[in-house]
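Asks: sequence? don't have it. structure:
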(Lines give C-alpha, C1' and ligand atoms only; values in the text may rest on other atoms or scores of the structure.)
Protein backbone atom coordinates (compact mmCIF):
# COMPACT_ATOMS: atom_id res chain seq x y z
CA UNK A 1 0.00 0.00 0.00
CA UNK A 2 2.82 2.42 0.81
CA UNK A 3 4.42 1.74 -2.56
CA UNK A 4 1.08 2.32 -4.35
CA UNK A 5 0.70 5.60 -2.51
CA UNK A 6 4.14 6.67 -3.67
CA UNK A 7 3.23 5.75 -7.26
CA UNK A 8 0.04 7.82 -7.01
CA UNK A 9 2.08 10.76 -5.69
CA UNK A 10 4.43 10.57 -8.66
CA UNK A 11 1.48 10.67 -11.04
CA UNK A 12 -0.02 13.71 -9.31
CA UNK A 13 3.25 15.66 -9.38
CA UNK A 14 4.25 14.56 -12.88
CA UNK A 15 7.49 12.83 -11.90
CA UNK A 16 9.02 10.55 -14.50
CA UNK A 17 8.86 6.82 -13.64
CA UNK A 18 12.62 6.27 -14.05
CA UNK A 19 13.38 9.23 -11.79
CA UNK A 20 10.97 7.88 -9.18
CA UNK A 21 12.57 4.42 -9.25
CA UNK A 22 16.00 5.93 -8.82
CA UNK A 23 14.93 8.08 -5.86
CA UNK A 24 12.98 5.21 -4.27
CA UNK A 25 15.96 2.85 -4.58
CA UNK A 26 18.31 5.38 -3.00
CA UNK A 27 15.87 6.07 -0.15
CA UNK A 28 15.27 2.42 0.68
CA UNK A 29 18.96 1.64 0.50
CA UNK A 30 19.85 4.44 2.92
CA UNK A 31 17.13 3.33 5.34
CA UNK A 32 17.99 -0.37 5.22
CA UNK A 33 21.73 0.14 5.55
CA UNK A 34 23.16 -0.09 9.05
CA UNK A 35 24.58 3.05 10.70
CA UNK A 36 28.31 3.61 10.56
CA UNK A 37 30.57 2.86 13.47
CA UNK A 38 30.99 6.56 14.21
CA UNK A 39 27.20 7.00 14.36
CA UNK A 40 26.74 3.98 16.63
CA UNK A 41 29.39 5.25 19.00
CA UNK A 42 27.12 8.14 19.95
CA UNK A 43 23.87 6.19 20.35
CA UNK A 44 25.02 2.85 21.71
CA UNK A 45 25.18 3.84 25.34
CA UNK A 46 23.20 0.72 26.22
CA UNK A 47 25.72 -1.73 24.73
CA UNK A 48 26.19 -4.88 26.78
CA UNK A 49 29.22 -4.63 29.02
CA UNK A 50 31.73 -7.32 28.16
CA UNK A 51 34.19 -8.68 30.66
CA UNK A 52 37.83 -7.79 30.37
CA UNK A 53 40.19 -10.52 29.40
CA UNK A 54 42.72 -11.55 32.03
CA UNK A 55 45.84 -9.43 31.84
CA UNK A 56 44.22 -6.97 29.42
CA UNK A 57 44.03 -3.42 30.81
CA UNK A 58 41.54 -1.11 29.18
CA UNK A 59 43.58 0.86 26.68
CA UNK A 60 42.90 4.47 25.78
CA UNK A 61 43.86 5.12 22.19
CA UNK A 62 44.04 8.88 22.71
CA UNK A 63 46.66 8.31 25.41
CA UNK A 64 48.72 6.21 22.99
CA UNK A 65 48.58 8.94 20.36
CA UNK A 66 49.60 11.66 22.80
CA UNK A 67 52.56 9.62 24.04
CA UNK A 68 54.55 10.34 20.90
CA UNK A 69 55.12 13.77 19.33
CA UNK A 70 55.44 12.08 15.96
CA UNK A 71 51.90 10.65 15.94
CA UNK A 72 49.29 12.83 14.31
CA UNK A 73 45.57 12.76 15.16
CA UNK A 74 43.53 9.69 14.26
CA UNK A 75 41.95 11.54 11.36
CA UNK A 76 45.36 12.04 9.76
CA UNK A 77 46.17 10.05 6.67
CA UNK A 78 49.33 10.29 4.66
CA UNK A 79 48.75 12.04 1.28
CA UNK A 80 46.89 9.39 -0.66
CA UNK A 81 44.01 8.59 -2.88
CA UNK A 82 40.67 7.47 -1.43
CA UNK A 83 40.55 4.44 0.92
CA UNK A 84 39.72 1.15 -0.72
CA UNK A 85 39.12 -2.47 0.23
CA UNK A 86 41.53 -5.35 -0.23
CA UNK A 87 40.30 -6.03 -3.76
CA UNK A 88 41.59 -2.72 -5.13
CA UNK A 89 44.57 -1.54 -3.06
CA UNK A 90 44.97 1.91 -4.61
CA UNK A 91 45.35 3.67 -1.25
CA UNK A 92 49.02 4.59 -1.38
CA UNK A 93 50.83 7.20 0.69
CA UNK A 94 52.97 9.54 -1.31
CA UNK A 95 56.60 8.54 -1.43
CA UNK A 96 59.13 10.76 0.32
CA UNK A 97 60.17 13.45 -2.10
CA UNK A 98 63.78 14.69 -2.40
CA UNK A 99 64.30 17.77 -0.25
CA UNK A 100 66.87 20.51 0.00
CA UNK A 101 70.23 18.79 0.69
CA UNK A 102 71.01 21.49 3.25
CA UNK A 103 67.88 20.58 5.26
CA UNK A 104 68.32 17.70 7.68
CA UNK A 105 65.51 15.14 7.84
CA UNK A 106 64.83 12.21 10.16
CA UNK A 107 64.05 9.24 7.92
CA UNK A 108 64.45 5.58 8.76
CA UNK A 109 66.25 3.55 6.09
CA UNK A 110 63.90 1.52 3.93
CA UNK A 111 65.26 -1.89 5.08
CA UNK A 112 64.65 -0.98 8.74
CA UNK A 113 61.21 0.39 7.96
CA UNK A 114 60.28 -2.77 6.07
CA UNK A 115 61.45 -4.98 8.92
CA UNK A 116 59.26 -3.01 11.35
CA UNK A 117 56.17 -3.24 9.14
CA UNK A 118 56.75 -6.89 8.24
CA UNK A 119 57.16 -7.86 11.89
CA UNK A 120 53.99 -5.96 12.83
CA UNK A 121 52.13 -7.65 9.97
CA UNK A 122 53.14 -11.12 11.15
CA UNK A 123 52.21 -10.38 14.77
CA UNK A 124 48.80 -9.02 13.77
CA UNK A 125 48.07 -11.98 11.49
CA UNK A 126 48.72 -14.38 14.38
CA UNK A 127 46.61 -12.19 16.67
CA UNK A 128 43.71 -12.18 14.19
CA UNK A 129 43.87 -15.97 13.98
CA UNK A 130 43.72 -16.35 17.77
CA UNK A 131 40.91 -13.80 17.97
CA UNK A 132 38.89 -15.69 15.37
CA UNK A 133 39.46 -19.00 17.15
CA UNK A 134 37.96 -17.57 20.34
CA UNK A 135 35.28 -15.23 18.99
CA UNK A 136 34.52 -15.87 15.30
CA UNK A 137 35.42 -19.46 14.34
CA UNK A 138 33.04 -19.29 11.39
CA UNK A 139 35.56 -17.03 9.62
CA UNK A 140 38.18 -19.78 9.81
CA UNK A 141 35.70 -22.36 8.60
CA UNK A 142 34.55 -20.17 5.72
CA UNK A 143 38.09 -19.32 4.60
CA UNK A 144 39.39 -22.82 5.43
CA UNK A 145 42.32 -21.45 7.41
CA UNK A 146 43.98 -23.86 9.82
CA UNK A 147 47.09 -21.82 10.71
CA UNK A 148 47.98 -18.13 11.21
CA UNK A 149 50.09 -18.08 8.05
CA UNK A 150 47.07 -18.91 5.89
CA UNK A 151 45.38 -15.51 6.13
CA UNK A 152 46.86 -12.25 4.88
CA UNK A 153 46.35 -9.21 7.06
CA UNK A 154 44.34 -7.26 4.47
CA UNK A 155 42.00 -10.25 4.01
CA UNK A 156 41.54 -10.44 7.77
CA UNK A 157 40.51 -6.78 7.76
CA UNK A 158 38.02 -7.55 4.99
CA UNK A 159 36.34 -10.22 7.14
CA UNK A 160 36.40 -8.05 10.27
CA UNK A 161 34.87 -5.14 8.37
CA UNK A 162 32.00 -7.42 7.44
CA UNK A 163 31.60 -8.13 11.17
CA UNK A 164 32.33 -4.55 12.25
CA UNK A 165 29.33 -4.41 14.59
CA UNK A 166 30.56 -7.41 16.57
CA UNK A 167 34.12 -6.08 16.55
CA UNK A 168 32.88 -2.72 17.78
CA UNK A 169 31.02 -4.32 20.71
CA UNK A 170 34.20 -6.12 21.75
CA UNK A 171 36.39 -3.04 21.21
CA UNK A 172 34.23 -0.85 23.45
CA UNK A 173 34.97 -3.14 26.39
CA UNK A 174 38.74 -2.95 25.89
CA UNK A 175 39.71 0.36 24.29
CA UNK A 176 38.56 3.94 24.74
CA UNK A 177 38.72 6.85 22.30
CA UNK A 178 39.32 4.89 19.09
CA UNK A 179 38.15 5.11 15.48
CA UNK A 180 37.57 1.63 14.11
CA UNK A 181 37.52 2.66 10.40
CA UNK A 182 40.82 4.53 10.82
CA UNK A 183 42.39 1.53 12.58
CA UNK A 184 41.18 -0.85 9.86
CA UNK A 185 42.64 1.46 7.21
CA UNK A 186 46.00 1.75 8.97
CA UNK A 187 46.28 -2.01 9.49
CA UNK A 188 45.54 -2.53 5.79
CA UNK A 189 48.27 -0.02 4.98
CA UNK A 190 50.78 -1.88 7.15
CA UNK A 191 50.41 -4.94 4.94
CA UNK A 192 50.36 -2.85 1.74
CA UNK A 193 53.56 -0.94 2.59
CA UNK A 194 55.34 -4.09 3.76
CA UNK A 195 54.55 -5.85 0.48
CA UNK A 196 55.08 -2.96 -1.96
CA UNK A 197 58.15 -1.56 -0.16
CA UNK A 198 57.19 2.09 -0.22
CA UNK A 199 59.06 4.52 2.00
CA UNK A 200 57.07 6.77 4.35
CA UNK A 201 57.96 9.48 6.85
CA UNK A 202 58.44 8.76 10.53
CA UNK A 203 55.22 10.57 11.50
CA UNK A 204 53.08 8.21 9.43
CA UNK A 205 55.09 5.21 10.60
CA UNK A 206 54.43 6.24 14.22
CA UNK A 207 50.72 6.52 13.48
CA UNK A 208 50.66 3.02 11.96
CA UNK A 209 52.43 1.58 15.00
CA UNK A 210 49.98 3.31 17.33
CA UNK A 211 46.99 1.92 15.43
CA UNK A 212 48.60 -1.54 15.43
CA UNK A 213 48.89 -1.42 19.23
CA UNK A 214 45.26 -0.34 19.53
CA UNK A 215 44.16 -3.09 17.13
CA UNK A 216 45.99 -5.72 19.19
CA UNK A 217 44.25 -4.40 22.31
CA UNK A 218 40.89 -4.68 20.54
CA UNK A 219 41.64 -8.27 19.55
CA UNK A 220 42.54 -9.06 23.15
CA UNK A 221 45.80 -10.93 22.56
CA UNK A 222 48.19 -9.96 25.41
CA UNK A 223 51.25 -11.56 23.82
CA UNK A 224 50.76 -9.66 20.56
CA UNK A 225 50.08 -6.43 22.43
CA UNK A 226 53.26 -6.80 24.47
CA UNK A 227 55.39 -7.37 21.36
CA UNK A 228 53.87 -4.44 19.49
CA UNK A 229 54.32 -2.08 22.45
CA UNK A 230 57.95 -3.17 22.63
CA UNK A 231 58.47 -2.46 18.91
CA UNK A 232 56.67 0.86 19.21
CA UNK A 233 58.67 1.93 22.26
CA UNK A 234 62.00 1.01 20.71
CA UNK A 235 61.18 2.78 17.44
CA UNK A 236 59.96 5.89 19.25
CA UNK A 237 63.11 6.06 21.39
CA UNK A 238 65.35 5.84 18.35
CA UNK A 239 63.27 8.38 16.42
CA UNK A 240 63.32 10.77 19.39
CA UNK A 241 67.07 10.29 19.72
CA UNK A 242 67.56 11.02 16.02
CA UNK A 243 65.25 14.01 16.33
CA UNK A 244 67.28 15.45 19.22
CA UNK A 245 70.51 14.93 17.28
CA UNK A 246 68.92 16.56 14.23
CA UNK A 247 67.79 19.57 16.27
CA UNK A 248 71.28 20.06 17.69
CA UNK A 249 72.84 19.68 14.27
CA UNK A 250 70.30 22.13 12.86
CA UNK A 251 71.42 24.74 15.40
CA UNK A 252 75.12 24.15 14.69
CA UNK A 253 74.55 24.13 10.95
CA UNK A 254 72.48 27.30 11.10
CA UNK A 255 75.22 29.06 13.07
CA UNK A 256 77.88 27.85 10.64
CA UNK A 257 75.87 28.89 7.60
CA UNK A 258 75.28 32.35 9.08
CA UNK A 259 79.02 32.71 9.69
CA UNK A 260 79.78 31.57 6.16
CA UNK A 261 77.18 33.98 4.79
CA UNK A 262 78.78 36.86 6.72
CA UNK A 263 82.24 35.90 5.46
CA UNK A 264 80.83 35.53 1.96
CA UNK A 265 79.42 39.07 2.20
CA UNK A 266 82.83 40.33 3.33
CA UNK A 267 84.51 38.51 0.44
CA UNK A 268 81.97 39.91 -2.01
CA UNK A 269 82.64 43.42 -0.70
CA UNK A 270 86.40 42.83 -0.91
CA UNK A 271 85.99 41.53 -4.46
CA UNK A 272 84.01 44.59 -5.50
CA UNK A 273 86.54 46.90 -3.84
CA UNK A 274 89.44 45.19 -5.64
CA UNK A 275 87.67 45.49 -9.00
CA UNK A 276 86.91 49.18 -8.40
CA UNK A 277 90.51 49.96 -7.37
CA UNK A 278 91.85 48.13 -10.44
CA UNK A 279 89.62 50.22 -12.71
CA UNK A 280 90.72 53.43 -10.98
CA UNK A 281 94.40 52.49 -11.30
CA UNK A 282 94.02 51.71 -14.99
CA UNK A 283 92.21 55.03 -15.52
CA UNK A 284 95.06 56.90 -13.78
CA UNK A 285 97.65 55.33 -16.06
CA UNK A 286 95.48 56.02 -19.10
CA UNK A 287 95.30 59.71 -18.26
CA UNK A 288 99.07 59.85 -17.80
CA UNK A 289 99.59 58.17 -21.17
CA UNK A 290 97.25 60.66 -22.83
CA UNK A 291 99.16 63.57 -21.28
CA UNK A 292 102.46 62.26 -22.59
CA UNK A 293 101.04 61.80 -26.09
CA UNK A 294 99.47 65.27 -26.05
CA UNK A 295 102.79 66.75 -24.96
CA UNK A 296 104.50 65.32 -28.02
CA UNK A 297 101.72 66.07 -30.47
CA UNK A 298 101.20 69.65 -29.27
CA UNK A 299 104.92 70.51 -29.12
CA UNK A 300 105.80 73.83 -30.91
CA UNK A 301 108.33 72.26 -33.23
CA UNK A 302 105.87 69.51 -34.15
CA UNK A 303 103.20 72.12 -34.86
CA UNK A 304 105.57 74.23 -37.11
CA UNK A 305 106.63 71.39 -39.40
CA UNK A 306 103.96 72.24 -41.97
CA UNK A 307 104.25 76.06 -41.64
CA UNK A 308 107.77 76.58 -43.12
CA UNK A 309 108.54 78.12 -46.63
CA UNK A 310 107.93 75.54 -49.24
CA UNK A 311 109.96 75.62 -52.54
CA UNK A 312 107.84 75.33 -55.68
CA UNK A 313 108.21 72.09 -57.48
CA UNK A 314 109.36 72.50 -61.16
CA UNK A 315 106.94 71.12 -63.62
CA UNK A 316 108.45 68.58 -66.03
CA UNK A 317 107.02 68.18 -69.50
CA UNK A 318 105.60 64.82 -70.17
CA UNK A 319 107.51 63.07 -72.94
CA UNK A 320 105.34 61.27 -75.55
CA UNK A 321 105.66 57.59 -75.70
CA UNK A 322 107.26 55.63 -78.54
CA UNK A 323 103.95 54.43 -79.94
CA UNK A 324 102.56 57.94 -79.86
CA UNK A 325 105.49 59.24 -81.89
CA UNK A 326 105.21 56.42 -84.42
CA UNK A 327 101.50 57.00 -84.89
CA UNK A 328 101.80 60.72 -85.40
CA UNK A 329 104.63 60.25 -87.96
CA UNK A 330 102.52 58.24 -90.40
CA UNK A 331 101.66 60.12 -93.66
CA UNK A 332 98.05 60.95 -94.25
CA UNK A 333 96.38 59.25 -97.21
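Replies: Happy to help now that I have it. Remember, predicted model here, so these are calculated numbers, not experimental data.
Asks: what ranges do the strands span in the stretch 101-250 of the chain?
Replies: Remark: strands assigned in the stretch 101-250 of the chain by DSSP state E, counting those that start in this stretch are 175-176.
Asks: and residue 34, what pLDDT?
Replies: At residue 34, the pLDDT value in this model is 39.
Asks: What of the one 3 residues further on?
Replies: Per-residue confidence for residue 37 comes out at a pLDDT of 37.
Asks: which residues touch the closest residue in space to residue 232 that isn't next to it in sequence?
Replies: Leaving out its chain neighbours, the residue that sits closest to residue 232 by Cβ to Cβ, 6 or more residues apart in numbering is residue 209, at 4.4 Å. For the C-beta atoms, the positions are set from N, CA and C on the backbone; glycine is no exception. Residue 209 makes contacts with 116, 120, 228, 231-232, 235-236, as judged by Cβ atoms under 8 Å, 6 or more residues apart in numbering.
Asks: Residue 159 - how many residues pack around it?
Replies: 19 (other Cβ atoms under 10 Å).
Asks: Residue 153 versus that one, what's the distance?
Replies: 11 Å (Cβ to Cβ, to the nearest Å).
Asks: most neighbours, which of the contacts of residue 209?
Replies: residue 120 (27 neighbours).
Asks: what sits against the residue nearest to that one when sequence neighbours are not counted?
Replies: Using Cβ to Cβ, 6+ apart and skipping residues adjacent in sequence, the residue nearest residue 120 is residue 212, 5.0 Å away. By Cβ under 8 Å, 6+ apart, residue 212 lies in contact with 120, 123-124, 186-187, 190, 228, 232.
Asks: circling back to that earlier point, measure the residue nearest to residue 232 to residue 220 for me?
Replies: 19 Å.
Asks: and the spatially closest residue to residue 128 that is not a sequence neighbour, what is it in contact with?
Replies: Leaving out its chain neighbours, the residue that sits closest to residue 128 by Cβ to Cβ, 6+ apart is residue 156, at 4.2 Å. By Cβ under 8 Å, 6+ apart, residue 156 lies in contact with 124-125, 128.
Asks: Neighbours of the nearest residue to residue 110 once chain neighbours are set aside, how many?
Replies: Distances taken as Cβ to Cβ, 6+ apart place residue 199 nearest to residue 110, at 5.1 Å, with adjacent residues excluded. Close neighbours of residue 199, defined as other Cβ under 10 Å, add up to 15.
Asks: again with residue 154
Replies: 20.
Asks: close enough to count as contact, it and residue 193?
Replies: No. With contact defined as Cβ atoms under 8 Å, residue 154 does not count as touching residue 193 (11.3 Å).
Asks: Which elements pack onto the strand or helix carrying residue 291?
Replies: Element membership of residue 291 [criterion: DSSP states H and E] is helix 222-297. Judged by 3 or more Cβ pairs under 8 Å, 6 or more residues apart in numbering; DSSP states H and E, helix 222-297 is in contact with helix 110-135, helix 202-219.
Asks: now the residue nearest to residue 120: how far from residue 247?
Replies: Applying Cβ to Cβ, the value for residue 212 to residue 247 is 27 Å.
Asks: Same question for residue 222.
Replies: From residue 222 to residue 247 the distance is 37 Å (Cβ to Cβ).
Asks: Looking at these two, which has the bigger crowd around it?
Replies: A count of neighbours by other Cβ under 10 Å puts residue 222 above the other of residue 222 and residue 247, at 15 against 12.
Asks: quick one: pLDDT of that one?
Replies: Confidence score, pLDDT, at residue 222: 93.
Asks: Quick one: neighbours of the closest residue to residue 221 other than its chain neighbours, just the number.
Replies: Excluding the flanking residues, the one nearest residue 221 by Cβ to Cβ, 6+ apart is residue 127, at 4.1 Å. If you count neighbours by other Cβ under 10 Å, residue 127 ends up with 26.
Asks: Show the contacting residues for residue 127.
Replies: Counted by Cβ under 8 Å, 6+ apart, residue 127 has contacts 215-216, 219, 221, 224.
Asks: of the residues you listed, closest to residue 149?
Replies: Distances from residue 149 to these, taken as Cβ to Cβ, are shortest for residue 224 (15.0 Å).
Asks: Could you verify my assumption that the closest one touches residue 121?
Replies: No. The pair residue 224 / residue 121 is not scored as a contact, 11.7 Å apart, by Cβ under 8 Å.
Asks: More neighbours: the two, which one.
Replies: Set residue 224 next to residue 121 and count neighbours by other Cβ under 10 Å: residue 224 wins out with 25 against 21.
Asks: Would you mind measuring from that one to residue 196?
Replies: Counting by Cβ to Cβ - residue 224 and residue 196 are separated by 24 Å.
Asks: go on, residue 104?
Replies: Residue 104 sits at a distance of 27 Å from residue 196 (criterion: Cβ to Cβ).
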